[in-house]
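S.K.: pasting the sequence and the predicted model now:
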Amino acid sequence: MLRLMGRDEVLPADAAAAVAGVGAADVVVGIPSYNNSRTIGHVVRAAQAGLAKYFPGLRCVVLNSDGGSRDGTQDVVRQAAFDDRESPLLLLSHPLTAVHRLTVPYQGIPGKGSAFRCIFRAAELLGARACAVVDSDLRSITPEWMQLLIEPVLTHRFDFVAPYYLRHKYDGTITNSIVYPLTSALYGVRVRQPIGGDFGLSGRMVSHYLTRPVWHTDVARYGIDIWMTTTAICEGFKVCQSFLGAKIHDAKDPGADLGAMMVQVVGTVFALMETYAGRWRESNGSCEAPVYGFRFDVGLEPIAVDVERMVGRFRQAVTELGGLWDGVFTAEDMERLRALAAVAPRRFHLDDDLWVTLVLDLACAYHRRVMDRDHLVRSALALYLGRVASFVQEVGESTAPEVDASIERLRSAFEARKGYLVRRWEEAGR
Amino acid sequence: MSQTIQEVVRQAWTEFQQQVVTVVPHLMASAVVLLLGILLGMLVRRFARWALRSSSLDQHAARLGLSTPLEAVGIRSAVQAAAISLQVVIMLLASTLALYSLDARLASDLTERFLLYLPHLIIAGAMLGGGLVLARFLGRSVLIAAVNAGLPSARLLAGVTRVAVVLVAAAIALEQLGIGRVTMMIAFAILFGGATLTAAIAVGASLQDVVRGWVVRQFEPPPAPAPEETLRHW
């Protein structure tokens, strides 16, 4: 309690006072938000119901960390109380203490990472044994998610619980084409949704995150998810996945610039490759992180994709940005890209081998600082769209297991090119 | 009469001899100093290249993020840039010394003037260098953003950005050097006005169809909207 009296570097004064008012907690569920009034009420109620149902004997807090919403998000949180009279059959036993509900603003760089930092600090001050974070734009969250994210921490002593969702084959394309296969190949642990956004964490893990000096980088923004996952894997924490069912959420910041988000996520993946170069150089092959929960199939919302637009962007980028990529890609790969740009959209196919080479070359160019790092990653946006277009055409008629097999083939291709990466990385260091 | 002429010629010859005796050693000394300066400069450049290369200056510069701005002003190697700078400094010092050997007053006067002008020169150089770096950076930013947005004239936009920034930087640098202030202002105003007019005409011409479409839409019922892409990358 004494710790709460002083000025806190992470929490604003009113947030620190609110946390001090609660005193202590066993479980903290954090929900970062920014203008999510449409969906956050459901998320808060699901979290409260889940905590009341599965952890009735524990002191629980639902904490909304808001980035200055102007659409009444915080009001929705304040009013979104779960009333067990609405669902009288949901709870087997009534909780000993009411689930606290707090909504506080965070400070620092505006972004998801800063919101998480605020949640982590509050969890640390409250002495929480487990902490879960869930996105505020979720429409498919159920009370069971609380059990699935927190139970592995409290009962099985896992430090980091990553989500495992069922998603439409066109959903999460940056995860499927870059982040999942590259991260698995690098660090040897397969976490299927490394940037899923919904995680369970031990108190030890939370405290470890807070000690790292990364909160003024892209980690404070959308880089947070991959940073958390990679840190947990590389620093020897116990990692598992939890099967949550379908992930259905609002489009992430519909007005946001995809280039900026890609810089934050992919830039963080590349920056982490520098931090953990020693780890991935030694790692060979990969194994799946254990999966907690009961797997089942669900129906998923269809997704509309404009392949011709994406191929058009790819062609324009190869024509207009080719000069920028001279020191990034080899002459042979540039030739392959030019040949691909000349192909009709229906026959367009950016194969695994070329895609893996391009991603690894980008990582090495990022390491060598061939050009401004932001420019480098942004310039690759159209290549990524080309890969997505190719993937959509390839799996258009495929079933979910066939799509999974295709993604696993890509992961194997990344693993097979590890030697190439090490060679090029070392050339860059000379 | 002839005696007077002989006297004048002798006097002139004597004076010429005296001048030669006075000036030639200075000239020779100055030439020797200059030559030594050039040789020393070349030696120092070679030695500096050897010494700095083994100290991996290029790699350090790359790690500190200096390669990009250096490359922007045409310097591909920090080692080479440092070596050439050392050579230029030595040659400048040798030239000043050579000038002193010729005429101390003139050299002193020139050195004083140069030293007074030096801050302007350094500021102008920094302005121009900074402008070139900024032009390259902004040009690249515009090019990438335009390509990512699918704009058809991405390279043109990037080129216009680069030229505009370089023009502004050059105008500020020349203003700092005090060269043709009024002329530069007028030239810059004409160029900038011309560029703005060209850009306005280009935008107007390329937006003809947009404007026509907008006018037509005011009088026709709107067509059914195309299905929106719902792809989620995360």
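M.R.: Arrived safely, thanks for sending. The model shown is predicted, which means the values in this text are computed figures rather than measured ones.
S.K.: do you have the strands of the stretch 151-300 of chain A handy? List them.
M.R.: In the stretch 151-300 of chain A, the strands defined using DSSP state E, counting those that start in this stretch lie at A:160-166, A:189-190, A:199-202, A:239-246, A:287-288, A:291-292.
S.K.: wasn't A:G323 part of a helix?
M.R.: Yes - counting by DSSP: H, G, I helix; E, B strand; the rest coil, one finds A:G323 located in a helix.
S.K.: and the pLDDT for it?
M.R.: Per-residue confidence (pLDDT) for A:G323: 88.
S.K.: so for the helix or strand harbouring B:G129, mean pLDDT?
M.R.: Per DSSP states H and E: B:G129 is located in helix B:104-148. Regarding helix B:104-148, the rounded mean pLDDT is 88.
S.K.: what's that helix packed up against?
M.R.: Contacts defined by 3 or more C-beta pairs under 8 Å, 6 or more residues apart in numbering or on different chains; DSSP states H and E place helix B:104-148 against helix A:258-275, helix A:307-321, helix A:373-379, helix A:381-395, helix B:67-72, helix B:78-102, helix B:154-177. Any C-beta I mention is one placed from the backbone N, CA and C, and that applies to glycine too.
S.K.: how about these in a markdown table, adding mean neighbour count and distance to B:V9?
M.R.: As requested, the helices and strands packed on helix B:104-148 are arranged in a markdown table below (neighbours: other C-beta atoms under 10 Å in any protein chain shown; distance: least, C-beta to C-beta, whole Å):
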| stretch | mean neighbour count | distance to B:V9 |
| --- | --- | --- |
| helix A:258-275 | 21 | 84 |
| helix A:307-321 | 20 | 78 |
| helix A:373-379 | 22 | 77 |
| helix A:381-395 | 23 | 86 |
| helix B:67-72 | 19 | 63 |
| helix B:78-102 | 17 | 28 |
| helix B:154-177 | 18 | 49 |
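S.K.: if we can go back for a sec, what's the most buried one of the strands of the stretch 151-300 of chain A?
M.R.: strand A:199-202 (a mean of 28; mean count of other C-beta atoms under 10 Å in any protein chain shown).
S.K.: now it, how far from the chain's geometric center?
M.R.: 13 Å (C-alpha atoms, centre = their mean, to the nearest Å).
S.K.: output the helices and strands packed on helix B:104-148 as TSV; include the columns distance to A:A15.
M.R.: Output for those, formatted as TSV (distance: least, C-beta to C-beta, whole Å):
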stretch	distance to A:A15
helix A:258-275	24
helix A:307-321	42
helix A:373-379	31
helix A:381-395	36
helix B:67-72	40
helix B:78-102	47
helix B:154-177	43
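S.K.: weakest of those by average pLDDT?
M.R.: Among these, helix B:67-72 carries the lowest mean pLDDT (a mean of 66).
S.K.: so which strand or helix has residue 41?
M.R.: No chain specified, so I'll use chain A. Here A:G41 sits within helix A:40-54, counting by DSSP H and E.
S.K.: the chain in question should be chain B.
M.R.: B:G41 is located in helix B:2-54, with elements delineated by DSSP H and E.
S.K.: mind giving me the packing neighbours of the next helix or strand after that helix?
M.R.: As assigned by DSSP H and E, the chain's next helix or strand after helix B:2-54 is helix B:57-63. For helix B:57-63, the helices and strands in contact under the criterion 3+ C-beta pairs under 8 Å, 6+ apart are helix B:67-72, helix B:78-102.
S.K.: among the helices and strands packed on helix B:104-148, which is nearest A:F120?
M.R.: helix A:258-275 (17.3 Å; C-beta to C-beta).
S.K.: pick out the residue of chain A closest to chain B.
M.R.: A:I174 (4.5 Å; C-beta to the nearest C-beta).
S.K.: which of the helices and strands packed on helix B:57-63 sits closest to chain A?
M.R.: The closest of these to chain A is helix B:67-72. By C-beta to the nearest C-beta, the value is 5.9 Å.
S.K.: relative to helix B:78-102, how tilted is the helix holding B:G41?
M.R.: Between helix B:2-54 and helix B:78-102, the angle comes out at 160 degrees (axes from the mean of the first three to the mean of the last three C-alpha atoms, to 10 degrees).
S.K.: and stretch A:342-359, anywhere near chain B?
M.R.: No - using C-beta under 8 Å from any C-beta of the partner chain, stretch A:342-359 stays clear of chain B, coming no nearer than 14.6 Å.
S.K.: how about that stretch: buried residues?
M.R.: Of all the residues in stretch A:342-359, those buried under the rule 16 or more other C-beta atoms under 10 Å in any protein chain shown are A:348, A:350, A:352, A:354-359.
S.K.: ok, now stretch B:50-65?
M.R.: B:52, B:57-58, B:61-62.
S.K.: can you put those in a markdown table and add distance to B:A173 and pLDDT?
M.R.: Putting the buried residues of stretch B:50-65 into a markdown table (distance: C-beta to C-beta, whole Å; pLDDT from 0 to 100) gives the following:
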| residue | distance to B:A173 | pLDDT |
| --- | --- | --- |
| B:L52 | 29 | 81 |
| B:L57 | 28 | 76 |
| B:D58 | 28 | 75 |
| B:A61 | 24 | 72 |
| B:A62 | 28 | 66 |
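S.K.: dump those into TSV; add distance to A:V43 as well.
M.R.: Formatted as TSV, those follow (distance: C-beta to C-beta, whole Å):
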residue	distance to A:V43
B:L52	59
B:L57	54
B:D58	52
B:A61	49
B:A62	46
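S.K.: tell me which two in those residues are the farthest apart.
M.R.: B:L52 and B:A62 (13.8 Å).
S.K.: hmm, back to that, what's the closest of the strands of the stretch 151-300 of chain A to A:A115?
M.R.: strand A:199-202 (13.2 Å).
S.K.: and the closest one, which strands flank it?
M.R.: Here strand A:199-202 is paired, per DSSP bridges, with strand A:130-133 (antiparallel), strand A:160-166 (antiparallel).
S.K.: enumerate the positions of the helix holding A:G41 that are buried.
M.R.: So, applying 16+ other C-beta under 10 Å, buried residues of helix A:40-54: A:40-54.
S.K.: can you name every helix or strand that that helix contacts?
M.R.: Helices and strands touching helix A:40-54, by 3+ C-beta pairs under 8 Å, 6+ apart, are strand A:27-33, strand A:60-66, helix A:73-79, helix A:144-154.
S.K.: weakest of the ones you listed in terms of mean pLDDT?
M.R.: Note on the helices and strands packed on helix A:40-54: helix A:73-79 shows the lowest mean pLDDT, a mean of 90.
S.K.: save the strands of the stretch 151-300 of chain A as JSON lines, and put in mean pLDDT too.
M.R.: Listed next are the strands of the stretch 151-300 of chain A as JSON lines, based on pLDDT from 0 to 100:
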{"stretch": "strand A:160-166", "mean pLDDT": "94"}
{"stretch": "strand A:189-190", "mean pLDDT": "96"}
{"stretch": "strand A:199-202", "mean pLDDT": "97"}
{"stretch": "strand A:239-246", "mean pLDDT": "94"}
{"stretch": "strand A:287-288", "mean pLDDT": "96"}
{"stretch": "strand A:291-292", "mean pLDDT": "94"}
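S.K.: minimum distance to B:I190: which of those strands has it?
M.R.: Comparing these by C-beta to C-beta, strand A:199-202 comes nearest, at 60.6 Å.
S.K.: can you add distance to chain A and give the helices and strands packed on helix B:57-63 back as TSV?
M.R.: Compiled in TSV, the helices and strands packed on helix B:57-63 are given as follows (distance: least, C-beta to the nearest C-beta, whole Å):
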stretch	distance to chain A
helix B:67-72	6
helix B:78-102	13
